[in-house]
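[1] Provided below for reference: sequence and predicted model.
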Amino acid sequence: MRNVNVPLTDFVPGKAEVGAGIAETWEVSADGLSWTFHLSDGWKYPDGSELVAADVVRTVERALALDGDIHGVVEGYITGIEAPDDKTVVVHLVNPRGDFPQIASMAFTMPTQEGVFPAEELVFFPEEGIVGVGPWQMVEYDPAEQVVLERNPNYKKGFGADAPDRVIVKYYEDATSMALAVENGDIDVSWRILGPPEVQRLSKVEGLTAVNTGGGGIRYLVLNEAREPMNDKNVRQALAYLLDRDEIVDRVMQGTVNPLYSMVPPGFLASGEYFVDRFGAGANVSAAEDLLRASGYSEDSPLVFDLWYPPEHYGTHAAQIFQVLEQQFEATSLIQVNLQSQEWGTYVKACTADEYQACYLGWFFDYPDTSNYLDVFAESAQSDDMGIFYASETMDDLLHAAGAESDPAVRAQLYTDAQELYAEDVVTIPMHMEAEYAIFRNETISSITIGPALVFDYELTVMK
């Protein structure tokens, strides 16, 4: 969607920074509850009609009214929206949010033309195709096969002389198939699901270029607190003591990923190694056993739980990760792990819907701010949707105060306090951060632009 449309604020190409989108300036009211965005001139749809502020209002109001995937997110931030004139959008918030310009970079602020989407019904792909004021228009979509994009002839920023005329995005079920496709010349660029094994191999293939985007997803363990035994903090802390991230990084990933000791990755406000501070960097079997015995577990009556993972979605190395993880947890005779795997479509629904005791997921920010690495997991109104079922008034107070605060120093301290509590309660267990690579064929492409925000700006691709 980011290639078809443009939100109020947007990512700077090639960076994880938020700058101007369709809005060129914005300001907040004295009480922090209303943000006013001023739209810049020149934004047009493919049919030549001009963007007006009511188009943004239409999108947000649909998100608030209809029970789609984004409804809960929008409702959590926004009480209403209005367009006092064609160039001004005013957004009214539930609570003050100092980071709302970052939140406004999400897709729910992208404009939609009148008559394209019905106000009372969810329609994911209208017959006319999906269009916006971005560089591309979606002219064909097969959810099992591909999406076809063609240029928006009225795109405000124009196209370079060597930019592509058409983009076909093909879908692949696994990293191995996609890697073979770019190697064999079936596609020009491969990215998003390539794991370390595929990147290592392809980077050595003549005629291919590997690009480190500077961004990447974090990987973490979900410990479902709605189910035994993960509702016992002693159990969660014991698992945190037993995890040795460096062993997984070195043995399985050959050093191609970085260990992660906080859900907030390096480079973000208040990032740090909070799990090292609380549990140490390596395994501490003795400390884990003390906690387990305190909860009544013994050699004759060990802790037994199922640990689930998807075998392909996060790369072909997932099974190896969990074999090592099983060995680490079973370093004490007080634990017995039953490894379980499931294909992604079934797995992700079960992992986030109170069906598993423990499972493995990845996360990448919706908008570039510390809040988006903490709120979704630890804020009581959102945690259930992630399969965690964590609730703490103290945590809620810290996160709400940080979200409302605009002073970076004050926000940093609030997020530091929140992450110390996060580690103490073991809301989840952060494991590692995987760099996101793209591979392109040198015979057809000179350069691509993908930044840490993992937005592939197709119009900035330089073709040969």
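    Nice, thanks for sending it over. Numbers count the residues shown, from 1 in each chain.
[2] Nearest spatial neighbour of Leu93, chain-adjacent residues omitted?
    For Leu93, ignoring the flanking residues on the chain, the nearest one in space by CB to CB, 6 or more residues apart in numbering is Leu33 at 5.1 Å. C-beta coordinates here come from the backbone N, C-alpha and C atoms, glycine included.
[3] didn't Arg62 look like it was pressed against Phe117?
    Yes: under the criterion of CB atoms under 8 Å, Arg62 is in contact with Phe117, at a separation of 6.4 Å.
[4] which of those two has more neighbours?
    Neighbours per residue, other CB atoms under 10 Å: of Arg62 and Phe117, the larger number sits with Arg62, 21 against 17.
[5] follow-up on the earlier one: can you pull the contacts of the residue nearest to Leu93?
    By CB atoms under 8 Å, 6 or more residues apart in numbering, the residues touching Leu33 are 92-93, 95-96.
[6] Of those, select the buried ones using a PyMOL command.
    To isolate the buried subset of the contacts of Leu33 in PyMOL, counting by 16 or more other CB atoms under 10 Å, use the following:
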select buried, resi 93+96
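[7] Which of the contacts of Leu33 sits closest to Asp246?
    Taking CB to CB as the measure, Asn95 is the one of those closest to Asp246, at 40.1 Å.
[8] What distance do you get for the closest residue to the closest one other than its chain neighbours to Val94?
    Nearest non-adjacent residue to Asn95, counting by CB to CB, 6+ apart: Ala404, 6.0 Å away. Distance of Ala404 to Val94, given as CB to CB, to the nearest Å: 11 Å.
[9] which one of the contacts of Leu33 is nearest Ser383?
    Distance ranking of those against Ser383, using CB to CB, places Asn95 first at 17.7 Å.
[10] if I look at the residue nearest to Asn95, how far off is Gly272?
    Here Ala404 is placed at a distance of 22 Å from Gly272 (CB to CB).
[11] swap in Ser295?
    Distance check for Ser295 against Gly272: by CB to CB, it reads 29 Å.
[12] With Leu194 instead?
    Distance of Leu194 to Gly272, computed by CB to CB: 29 Å.
[13] Of those two, give the one with the bigger neighbour count.
    Neighbours per residue, other CB under 10 Å: of Leu194 and Gly272, the larger number sits with Leu194, 24 against 16.
[14] State whether that one and Thr176 are indeed in contact, as I suppose.
    No: judged on CB under 8 Å, Leu194 makes no contact with Thr176 at a distance of 9.6 Å.
[15] domain assignment for this protein?
    Under automatic domain parsing, the residue ranges defining each domain of the chain are 9-109, 136-213+438-463, 215-435.
[16] Can you check the distance spanned by the longest one, start to finish?
    Read that as domain 215-435. Between the start and the finish of domain 215-435 there is a gap of 6 Å, counting by CA to CA, to the nearest Å.
[17] and that domain, what's its mean pLDDT?
    Domain 215-435 shows a mean pLDDT of 95 in the predicted model.
[18] need the contact list for the closest residue to Val426 other than its chain neighbours.
    Closest residue to Val426 apart from its sequence neighbours, by CB to CB, 6+ apart: Arg236 at 3.7 Å. Taking CB under 8 Å, 6+ apart as the contact definition, Arg236 lies against 223, 225, 230, 425-426, 429.
[19] do Ser371 as well
    Applying CB under 8 Å, 6+ apart, one finds that Ser371 lies in contact with 99, 102, 399, 402-403.
[20] Compute the number of surrounding residues for the nearest residue to Asn442 once chain neighbours are set aside.
    Ranked by CB to CB, 6+ apart and with sequence neighbours excluded, the top spatial neighbour of Asn442 is Gly207, at 5.3 Å. The local packing of Gly207 (other CB under 10 Å) involves 9 other residues.
[21] Next one: Gly207 from Phe275, what distance?
    Applying CB to CB to Gly207 and Phe275 gives a distance of 42 Å.
[22] returning to that earlier point: could you dump the domains of the chain to a markdown table with distance to Glu121?
    Putting the domains of the chain into a markdown table (distance: least, CB to CB, whole Å) gives the following:
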| stretch | distance to Glu121 |
| --- | --- |
| domain 9-109 | 8 |
| domain 136-213+438-463 | 18 |
| domain 215-435 | 23 |
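[23] and of these, who's closest to Met1?
    domain 9-109 (5.2 Å).
[24] Could you tell me the end-to-end distance of the closest one?
    With CA to CA as the measure, the first residue of domain 9-109 is 8 Å from its last.
[25] How far off centre is that domain?
    Between the mean C-alpha point of domain 9-109 and the mean C-alpha point of its chain there is a distance of 20 Å (CA atoms, centre = their mean, to the nearest Å).
[26] From Thr109, how far out is Val116?
    Here the criterion is CB to CB. By it, Val116 lies 16 Å from Thr109.
[27] More neighbours: which of those two?
    Just comparing Val116 and Thr109: by other CB under 10 Å the higher neighbour count belongs to Thr109, 27 against 16.
[28] Work out for me the element the spatially most distant residue from the centre of the chain sits within.
    When distances are taken from the C-alpha mean of the chain, Asp300 lies farthest, 41.8 Å away, according to CA atoms, centre = their mean. Per DSSP states H and E: Asp300 is located in neither a helix nor a strand.
[29] Identify the residues contacting it.
    If you count contacts by CB under 8 Å, 6+ apart, Asp300 has none.
[30] what do you get for Gly76?
    Gly76 is in contact with 94, 381-382, counting by CB under 8 Å, 6+ apart.
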